[in-house]
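Student: below: sequence and its predicted model.
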Amino acid sequence: MKQTITFFDTTKDLETLTGLTTDKLGSAGFDLDDMDFGFVAEKEWNQDGWDDDDPCYESWLLYRMGSYCMGYKHTEFNGRHYYILYRS
């Protein structure tokens, strides 16, 4: 499945992508403490490994995000999947 990935690096960008204000992002499950950057995708990414159905960059990027500084968190909101990387 071909999809568009949108990267963001500010709370303002995340507000625009979700349609939520900063005070409502937390109640929707977004953890903004020490956010470095993130991205949003139409489907959940697979970290388990590479297979014929999932592009290899998904597993590679999630692995790298998980081992970089404080890791990442996944939040599903309005049918889209948000991944936020945290700095130490």
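Tutor: Perfect, I can see it now. Given the structure is predicted, the values throughout are model-derived calculations rather than measurements.
Student: and the host helix or strand of residue 62, what does it pack onto?
Tutor: When secondary structure is defined by DSSP states H and E, residue 62 falls within helix 56-67. Judged by 3 or more Cβ pairs under 8 Å, 6 or more residues apart in numbering; DSSP states H and E, helix 56-67 is in contact with strand 72-77, strand 80-86. Yep, even glycine has a C-beta here, placed from its N, CA and C like the rest.
Student: so what's residue 61 up against?
Tutor: Under the criterion of Cβ atoms under 8 Å, 6 or more residues apart in numbering, the neighbours of residue 61 are residue 45.
Student: same check on residue 27?
Tutor: Residues counted as contacts of residue 27 (Cβ under 8 Å, 6+ apart): none.
Student: helix/strand/coil for it?
Tutor: When the structure is split into helix, strand and coil by DSSP: H, G, I helix; E, B strand; the rest coil, residue 27 lands in helix.
Student: just use 767 as the starting number from now, easier for me
Tutor: Okay, residue one is now 767; in that scheme the one you just asked about reads as residue 793.
Student: just checking, which helix or strand of the protein averages the lowest pLDDT?
Tutor: When the helices and strands of the chain are compared on mean pLDDT, DSSP states H and E, helix 822-833 comes out lowest with a mean of 76.
Student: count of residues packed around the nearest residue to residue 786 once chain neighbours are set aside?
Tutor: Of all residues not flanking residue 786 in the chain, residue 794 sits nearest, at 5.9 Å (Cβ to Cβ, 6 or more residues apart in numbering). Residue 794 has 13 neighbours, counted by other Cβ atoms under 10 Å.
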